[in-house]
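Peer 1: whatever this is, show me its structure:
(2 chains)
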Amino acid sequence: MILLTMIARVSDGLPLAATMQDDEQSGRNILEYQNQAKLLFRKLNHQSPPRCTIETGPYLFHYLIEHDVCVLVLCDKNFSKRLAYSYLEDLSQEFNSQYGRRVSSVTRPYTFIEFDTYIQKAKKSFMDSRSRRNLTALNTELQDVQRIMVQNIDDVLQRGTMLSELDSKAQNLSMMSQQYKKDAAYLNSKSFYVKVAAGAIVVFIFILYFWIL
Amino acid sequence: MDPQAGPPPGMPPFSGPARPPMTLPNGQPPWVQQQQFSAPPVNGHHNQQQQQMRPPQSGPYPPPPGVNGPPPFMNGPQKPPPQFQNARPSPVPVDSPNRNSPLMMGTNKDVPGPFSGPPQSQAGFQPRPPITMQQPFPNSQSPFPGQGPPPPGVGSQGPPYLQGGPPRPPLNLGGPMQAPPMGMPPFSGPASPPQAPPGANIQYTSPSGPPSFSNPNQPPTSMPYTSTPSAPPAAPLNQPVAISSANYGSALPTPASYSTPAMHQQTPAPQQQPVAQQAPPMANRYPPQNSAQSPVYPSQQTARSPVFPQPTTKSMDGLTTQMGSMSVTQQGFNRLWGNMETYDLMQMRNILPPTKVEAPRVNLQHSFVDAQNCSPDIFRCTVTKIPETKSILDKSRLPLGILIHPFKDLSQLPVIQCNTIVRCRACRTYINPFVYFIDHRRWKCNICFRVNELPDEFQYDPVSKTYGEPTRRPEVRSATIEFIAPSEYMVRPPQPAVYLFVLEVSRAAVDTGYLKLVCDILLEELDNLPGDSRTQIGFITYDSAIHFYELAEDAQQPHMMVVGDIDDIFLPCPENLLVNLHEDFELVRDLLAELPNKFQGNPEPSSALGAALQASFKLMGSTGGRVTVFQVTLPSLGPGALQPRTSGGSKDASPLLNPAIDFYKRLALECSAQQVAVDLFLLNSQTADLATISGIARFSGGCINHFPDFHAASKLHSEQLTRCFRRYLTRKIGLEAVMRVRCTRGLAIHTFHGNFFVRSTDLLSLPNVSPDSGFGMQLAIEENLSDMQNVCLQAALLYTSSKGERRIRVHTLCLPIASNISEVIASADQQCIVGLLTKMAVDRSQSSSLSDAREAFINVAVDVLSTFRATQNMGGAGSGLLAPHSLRLLPLYIVALLRHPAFRASSNVRIDDRVYAMCQFKSLPLDSLMQSVFPDLYPLHCLTDEGALEIEGKVIPQPPRLHLSAEKLDSRGLFLIDTGDSLIIYVLRNINPALCRVLLGANSFEAIPDVMTELPVLDNQDSERMRAFVNYLKEIKPYPPPLQIIREDSKYRSRFMQYLLEDRSESSLSYYEFLQHLKTQVK
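Peer 2: Modelled structure (predicted):
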């Protein structure tokens, strides 16, 4: 069961297209997953694995990154992974052929929302297990989907926060060390002045003692 | 302004643009001459004649003779009627200064010490004792601000009065300069007294044009008369007009007529008398006199015309020199201190300006003097200066509120796309032209006064592509702006435009023939529906069962499914009920072509509206969109079934104004939550309980259209529906919208008016927003605003366009603060006040009763005029009924409101019509609302190019607007009334055949067909002018209203006559009577 399909630009996570969800059964909680998807898009970058499956509650996110565009689908855990990826590939190909050139230039969210009509159709054909097209797609696209990494949504979303925490700690550390360096230099110079002053006083007293008396 | 343009009607009617007056006689078509003859309705020596004449008058016109009302109006402009003289204790004809004195007290007498008259003022200010009818809206949720605590006594009134003192010096300063003559006509400077005598009659005729039709002819006609005595006297002729135009900027001629009685009486007027007798004022109405005199006329004119130019030129020179300095200084005062002229309503017959009533300008302090405020068409406040404290507001007794037309079609609108929309971090206000920039990096919010940082990119100017001042940004330059929203503003992907049409097909519905009409229009406009490639469409029909139409992509034809179980409605199939418009275009077309035939002769009498709405909600719930319901009968089956209600003989219809059941409201709220809006087209002939079923549209942000007694066979009806529905289908649409209005700390919005649901305290949920819907909000002053210079109101509308873009449209209005009552009153916006009053009165009549609402209207007028009188420091001087410039039309509008179907007292208004009128009041934008309250009446027989607009190379004449009174109708003319949703041309009986032929293509009055809905295209200049004007009126409206041409003897006559709102009718007072009533009430 495909619940949600979204397409976004990888470089900045700008959503480009999405399906309107039919929230008859799943109700409003789809919104929550939608927000997760948006967060996920922001976390993704060119270093991210091009195919990945992410667990979230009772559902799975599958995503596929091609040509700087990430296509993501939310489906039930028991939905065939193979089917899901062939669906994603189909969408990715079609999207690239229709809008591929303009992807990098757009700034408005959901610029290609009209792709929705294609998504709806693809969804329908993939959901219908009897569909012949579905089967042929499976056969030709037969490939090893087992290698695809499975992660938990919380890990993915929090990896970023950990990193930023580390970053801030390191920054803290460097600031502290700089402070230390400054303090040390100050102390150093201070002790030097004290020494010089002490010497000067001794010399002064010495001179006073001999010359004036 | 061009001096010739000064007297608005100063040009020959059908002559070319700049024809010298010399050529008048030759150039004029025959009918003009007749009119011209009767033009000079000069003096007041015709009382007797008039009375004799009255009988013929009362024939065609409703006002019965012998009543107070009409007579004063009839002879009004020509002569101060007897009543009027009684009204003022000393109408001393000779001693004009004396006569003016009451007025001068206000403007002059308190010059040296504004406080010299505190006791007086307090006495004067004493508000009407707060009894019974003075609490117009006390119980309702939304009391008039002014009504709250009636100032208990003198003590409490003193201080504000004193407060009021200091700012008043402007007035007083103005006194000495304007003093002697200023009393009455604001413009008549020191120079005017000597000129007054001869000027008097011209002042009468030219600007105000009492015998309506003859306006353009008057100067020529009256000039010859005046020129006979001597040249100098003719001078004033142009003078007052020219000056008045300078003073008012809009050539407001009214003051001229205002001043006349005084001047008039001064004159011994020996020369005038003969003239006047020759041309009795009412002559134009009465053919016998006419014919008797018309032969004389041409010779007169030819004889005089050579004389004519001399006086004018002379007068012009003398005038300008004489009056130049005067008008300049006065202008200066007016500009500086606001327009504080006072008007005596009892004397001013022609108070209606000939041009459109413009919204008052908002004058901001110097810091924002260049900043562009929001257009008054979009955003308006009932006052253009917000009172500083609540007590000032209460004392001024004006309602405080705003009217917004947020989604108006705009010709130009800056649209901005940026990564971050700059908003205040505390109150989320959008940056606007009225914020304070502390430095280049920070700005101070003008709503909550928090200091915010500016993002770096804000210094980048997208227009010039350079970095620099933040003030160059369009956000800071324009008070109306649209942002393309980033994805944070989207809860879900933008929805597609989804249209569902729900059509009743019961027997009564099919019999009206609407189905074919609607399907045909839909078929034609399918391509023009706003939307993108995702647009979806669906159809449901219903009688006692619900019919769904499956439009499967691979199917050959639409498949109809009938669900008979209306008590527990379900969708017969999960998909293909709403289909993509572009992919299934052929199927949709087939269905639309087939539908009308399918139900031909359907015997099913009942209609299950409730179930059909539930089905639509189920169908649309997942995406949201627009449901269009065509309902013809009372819903009689299934959920939401209704019984016909009657008032049960009781006179009070207010229970019928409220819904019988809350089914429709509850369903509407569910729809609203799912972004579904329901628009209702009601075509009933029997009662359909609109009060109940309108709930579905009112709470879901929809709109209501009512076509009573609709039948497709009637051309008028079908044309009206066609045009309305076409506009409805093709107009812009905003989906899943929300609107929020923010206002400066200290102000609070407390009551909302319009079609929406208030989701949280101040968030209006609008599943759909259309360019034809307006909203009103009432404001309260919660804190003292004296430490501010101005306040701001910002309305932000977030919506999804039909192309799937999420956009935010932001309107910002900035208003200065006023510290005393007179300033507040001078800044009032009468039209906006009327707009807000109607909305409050609708609430009032629903919560209490209609008569309460009517009473409240009257009280508003009484309150406002009493307050004004008090601020004028007039004490007990019993002069006329004074009104400030800013509120001079309010009584007129209120008279019209009391006659409007929504508030009319008579019981012969059908309840659905009444409810519809009320619904319209709640949701119409102000300009359409005003037009329906007070339609425009134009004379069509004397269109000239003078003052004409030029749009796209076409010259569109602009005839003056006339008072809605039979007195203004000339039996030889034809008149156009423009009510906003219909245009009616009324041809009077004695129309000149030549005119008839030229304009209407009929050889005589009798030859005009009974039913005429189009102007014939005739190849002559006059016809072209008229068509240009009528087409112009059509084009400036959301959709072109149907045109009817009605003869005076037609059975449809009442369609026109009902709009003569200022005349007496069987159940209501005439305007003059109303004024008299006000006068007794105003203390």
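Peer 1: which residues touch residue B:638?
Peer 2: Residue B:638 sits next to B:566, B:567, B:608, B:610, B:611 when contact means CB atoms under 8 Å, 6 or more residues apart in numbering or on different chains. C-beta here means a position set from N, CA and C on the backbone, and glycine is covered the same way.
Peer 1: quick one: which of those residues is nearest chain A?
Peer 2: residue B:611 (19.4 Å; CB to the nearest CB).
Peer 1: close enough to count as contact, that closest one and residue B:569?
Peer 2: Yes: contact criterion CB atoms under 8 Å: residue B:611 and residue B:569 qualify, at 4.9 Å.
Peer 1: pull up the overlap in contacts between the two.
Peer 2: residue B:546.
Peer 1: so for the helix or strand harbouring residue A:197, mean pLDDT?
Peer 2: Applying DSSP states H and E as the criterion places residue A:197 in helix A:153-207. Regarding helix A:153-207, the rounded mean pLDDT is 90.
Peer 1: what is that helix packed up against?
Peer 2: Secondary-structure packing of helix A:153-207 (3 or more CB pairs under 8 Å, 6 or more residues apart in numbering or on different chains; DSSP states H and E): helix A:30-43, strand A:51-56.
Peer 1: the shortest one pairs with which strands, parallel or anti?
Peer 2: In the sheet, strand A:51-56 lines up against strand A:59-66 (antiparallel), strand A:149-152 (parallel) (DSSP bridges).
Peer 1: possible to save those as TSV with mean neighbour count and distance to residue B:685?
Peer 2: Listed next are these as TSV, based on neighbours: other CB atoms under 10 Å in any protein chain shown; distance: least, CB to CB, whole Å:
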stretch	mean neighbour count	distance to residue B:685
strand A:59-66	22	55
strand A:149-152	12	66
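Peer 1: distance to residue B:385 for the ones you listed - can I get that in a markdown table?
Peer 2: Putting those into a markdown table (distance: least, CB to CB, whole Å) gives the following:
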| stretch | distance to residue B:385 |
| --- | --- |
| strand A:59-66 | 58 |
| strand A:149-152 | 62 |
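Peer 1: mind telling me which of those strands the model trusts least?
Peer 2: Mean pLDDT per stretch puts strand A:149-152 lowest among those, at a mean of 70.
Peer 1: chain center to that one: distance?
Peer 2: Here the centre of strand A:149-152 is set off from its chain's centre by 14 Å, with CA atoms, centre = their mean, to the nearest Å.
Peer 1: dump that strand to CSV, restricted to CA.
Peer 2: What follows is strand A:149-152 as a C-alpha-only set of coordinates in CSV (Å, rounded to 0.1, in the frame of the first residue of the first chain):
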residue,chain,number,x,y,z
MET,A,149,20.6,-0.3,3.6
VAL,A,150,17.9,-0.3,6.2
GLN,A,151,18.0,2.4,8.8
ASN,A,152,15.7,3.8,11.4
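Peer 1: give me the buried positions along the one helix or strand residue A:116 maps to.
Peer 2: Assigned by DSSP H and E, residue A:116 belongs to helix A:116-127. Of the residues in helix A:116-127, A:116, A:117, A:118, A:119, A:120, A:122, A:123, A:126 count as buried by neighbour count, 16 or more other CB atoms under 10 Å in any protein chain shown.
Peer 1: one more: stretch B:606-623?
Peer 2: For stretch B:606-623, burial by neighbour count (16+ other CB under 10 Å) applies to B:606-617, B:619-623.
Peer 1: those in helices, which ones?
Peer 2: Assigned to helices by DSSP state H, the following of the buried residues of stretch B:606-623 qualify: B:609, B:610, B:611, B:612, B:613, B:614, B:615, B:616, B:617, B:619, B:620.
Peer 1: pLDDT value on the first one, please?
Peer 2: So that's residue B:609. With respect to pLDDT, residue B:609 scores 91.
Peer 1: re the thing from before, and the helix holding residue A:116, what does it pack onto?
Peer 2: Packed next to helix A:116-127, using 3+ CB pairs under 8 Å, 6+ apart, are strand A:2-9, strand A:15-18, helix A:81-99, helix A:132-140.
Peer 1: which residues does the residue of the stretch 801-950 of chain B found nearest chain A contact?
Peer 2: Going by CB to the nearest CB, chain A is nearest to residue B:804 of the stretch 801-950 of chain B, at 4.2 Å. Taking CB under 8 Å, 6+ apart as the contact definition, residue B:804 lies against A:110, A:113, A:114, B:494, B:495, B:496, B:532, B:534.
Peer 1: for chain B, see how far away the spatially most central residue of chain A is.
Peer 2: Against the mean C-alpha coordinate of chain A, by CA atoms, centre = their mean, the closest residue is residue A:43 at 0.8 Å. According to CB to the nearest CB, to the nearest Å, residue A:43 and chain B sit 15 Å apart.
Peer 1: surely that residue and residue A:158 touch.
Peer 2: No: checked against CB under 8 Å, the pair residue A:43 and residue A:158 is beyond contact range at 9.7 Å.
Peer 1: the helix or strand residue B:630 falls within vs helix B:609-620, what angle?
Peer 2: Using DSSP H and E, the element containing residue B:630 is strand B:625-631. Strand B:625-631 and helix B:609-620 are oriented at 160 degrees to each other (axes from the mean of the first three to the mean of the last three CA atoms, to 10 degrees).
Peer 1: so what are the sheet partners of strand B:625-631 and their directions?
Peer 2: For strand B:625-631, pairing defined by DSSP bridges yields strand B:498-504 (parallel), strand B:676-682 (parallel).
Peer 1: winner for burial among these?
Peer 2: For the strands paired with strand B:625-631, the largest average neighbour count (mean count of other CB atoms under 10 Å in any protein chain shown) is found in strand B:676-682, namely a mean of 27.
Peer 1: extract the CA atoms of it and return them as CSV.
Peer 2: Taking Å, rounded to 0.1, in the frame of the first residue of the first chain, the C-alpha atoms of strand B:676-682 are listed here in CSV:
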residue,chain,number,x,y,z
VAL,B,676,-14.5,22.2,0.9
ALA,B,677,-16.6,25.2,0.1
VAL,B,678,-20.2,25.0,-1.0
ASP,B,679,-21.6,27.7,-3.3
LEU,B,680,-25.4,27.9,-3.5
PHE,B,681,-27.4,28.9,-6.5
LEU,B,682,-31.0,29.1,-5.4
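Peer 1: C-terminal to that strand, what's the next element?
Peer 2: Reading on from strand B:676-682 to the C-terminus, the next helix or strand found by DSSP H and E is helix B:690-693.
Peer 1: in that following helix, what's buried?
Peer 2: Per 16+ other CB under 10 Å, helix B:690-693 contains these buried residues: B:690, B:691, B:692, B:693.
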